[in-house]
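In: Mind folding the following:
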Amino acid sequence: MVYLDYAASTPISDSALRVFTESSKRFYGNASSLHDAGSHAKEMLEACRRQFAQFVNGESKGIYFTSGGSESNHLALQSLIRAHSVKGKHLITTSTEHPSVTNTFLLLENEGYHVTWLPVDSTGMIRIKDLEEAITEETILVSIGHANSEIGTIQPLAQIGNIVKEKGILFHSDCVQTFGKVPINVKELGLDSLSISSHKLYGPKGVGACYISPHIRWEPSIPGTSHESGFRQGTVNVPGIAAFTVAAEEMVNNIDRNNNHFLSLRKQLLSELVEENWVVYEGHPTHSLPSIIGLRVKGIEGQYMMLELNGKGYAISTGSACSTGKQAPSKTMISIGRSPDEARELIRISLGVTTTTDEIKGFISDIKIILSIMKSVKT
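Out: Just a heads-up that it's a prediction; the model follows:
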């Protein structure tokens, strides 16, 4: 199987797996326990917290470990919004957010908050003018994902951050797809909060983190919660966090090398496939994650293409792994102006650090064979 679905999940790296195994044996105590076994686990946990703070140029007190990106988004948004609701009930997000963000805002709408859902242009980018016009005196938080998980478009967070900071508005971003792939500096981007996940960058599943500036007030989502300074319930997964830290360090330290690799493979793929009259590239031409390539095969449902390619030994997807399996067309594709039928044509190829030129060459050859057969049938 040639795996080309790294945006959905990645295999755990050898170094992360080794650290997970060793930490499971050495740091098995509950980090909240007061005995020596608990203290040793706590020391490891705090060392990881300091390391993650360095990754985003934040403060260690602002790092909270979670079960993944979805939980990080949900808890961060609820904790921040409810703590600042006395200032207003207006929130701003986009029409192309990850389901964990969208569903949290839908929940908050049912609780009486007013949400402005910013549209995006045909490349998936928000219009800064739309954001500026949406802000009111009641606006307390803006949440805009760093990069779209289906087509890879990267939003201008620094520009957005400057605008909302001038207004005293909180700024959260889902950085699950970008962390470890592009540099993230919370100070330069003006972020008060962000979410990241382990299994997107060769760490174990079931581990994530959230950063909330220690200078920003938040309230526990569930009163009485004791773990992670009251941020979440449940015993902290110290071995998983240790493995997550190692995996993150490898990715952060090799961003430039990995992106050069992704760009080379991306160019190889697009230069041959988009020449085909039936294949359309979706996403921003320049401001996109090199590792995510959204394509649309005209007249062919993405699910059909996925199954055909799976039969030839390739793993791709039809969009976000957190929303697949549903009959509804891609929300992102609808938002960028595609019809429901066009939206169902989306396929996503996402590259990994071990993806080779030979794998992409074989993929191009096999997808051309599928297209040739489909063309002959159509005609």
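
In: Which stretches in the stretch 51-200 of the chain count as helices?
Out: Remark: helices assigned in the stretch 51-200 of the chain by DSSP state H, counting those that start in this stretch are 69-83, 99-110, 128-134, 157-166, 186-189.

In: In the last one, which residues are buried?
Out: Read it as helix 186-189. By neighbour count on 16 or more other CB atoms under 10 Å, the buried set for helix 186-189 is 186, 189. Any C-beta I mention is one placed from the backbone N, CA and C, and that applies to glycine too.

In: quick one: contacts for residue 231?
Out: Residue 231 is in contact with 64, 66, 75, 79, 210, 218, 220, 221, 225, counting by CB atoms under 8 Å, 6 or more residues apart in numbering.

In: Please repeat the previous calculation with a cut-off of 7 Å.
Out: Residue 231 makes contact with 64, 75, 79, 220, according to CB atoms under 7 Å, 6 or more residues apart in numbering.

In: Look up the closest residue to the second one, ignoring the ones flanking it.
Out: Closest residue to residue 75 in three dimensions, ignoring its sequence neighbours and counting by CB to CB, 6 or more residues apart in numbering: residue 221, at 5.3 Å.

In: Give the burial count for that neighbour, as a bare number.
Out: Residues near residue 221, counting by other CB atoms under 10 Å, number 18.

In: isn't it right up against residue 79?
Out: Yes: using CB atoms under 7 Å, residue 221 is in contact with residue 79, at 5.5 Å.

In: For residue 338, see how far away residue 48 is.
Out: As judged by CB to CB, to the nearest Å, residue 48 and residue 338 stand 42 Å apart.

In: The two: which is more packed in?
Out: residue 48 (25 against 20).

In: Mind telling me what element the closest residue to that one other than its chain neighbours is part of?
Out: Excluding the flanking residues, the one nearest residue 48 by CB to CB, 6+ apart is residue 245, at 4.4 Å. Element membership for residue 245, per DSSP states H and E: helix 238-252.

In: re earlier: any residues in contact with both of residue 221 and residue 79?
Out: In terms of CB under 7 Å, 6+ apart, residue 221 and residue 79 are not both contacted by any residue.

In: for the longest helix anywhere in the chain, packing partners?
Out: Looking across the chain with DSSP state H, the single longest helix is helix 357-378. Counting contacts by 3 or more CB pairs under 7 Å, 6 or more residues apart in numbering; DSSP states H and E, helix 357-378 is packed against strand 2-3, helix 255-273, helix 302-311.

In: As TSV, these with mean neighbour count, distance to residue 288 and mean pLDDT would be great.
Out: Below are the helices and strands packed on helix 357-378 laid out as TSV (neighbours: other CB atoms under 10 Å; distance: least, CB to CB, whole Å; pLDDT from 0 to 100):
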stretch	mean neighbour count	distance to residue 288	mean pLDDT
strand 2-3	18	21	98
helix 255-273	16	9	96
helix 302-311	17	19	94
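
In: how about CSV for those, with distance to residue 334 added?
Out: Below are these laid out as CSV (distance: least, CB to CB, whole Å):
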stretch, distance to residue 334
strand 2-3, 28
helix 255-273, 23
helix 302-311, 14
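
In: Can you say which of those is nearest to residue 15?
Out: Nearest to residue 15, of all those, is helix 255-273, at 15.3 Å by CB to CB.

In: Can you dump the C-alpha atoms of the next helix or strand after the closest one in CSV for me?
Out: Using DSSP H and E, the helix or strand that follows helix 255-273 towards the C-terminus is strand 279-282. Provided in CSV are the C-alpha atoms of strand 279-282 (Å, rounded to 0.1, in the frame of the first residue of the first chain):
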residue,chain,number,x,y,z
VAL,A,279,-8.4,17.1,-13.4
VAL,A,280,-8.8,20.5,-11.6
TYR,A,281,-6.5,21.8,-8.8
GLU,A,282,-8.4,23.2,-5.8
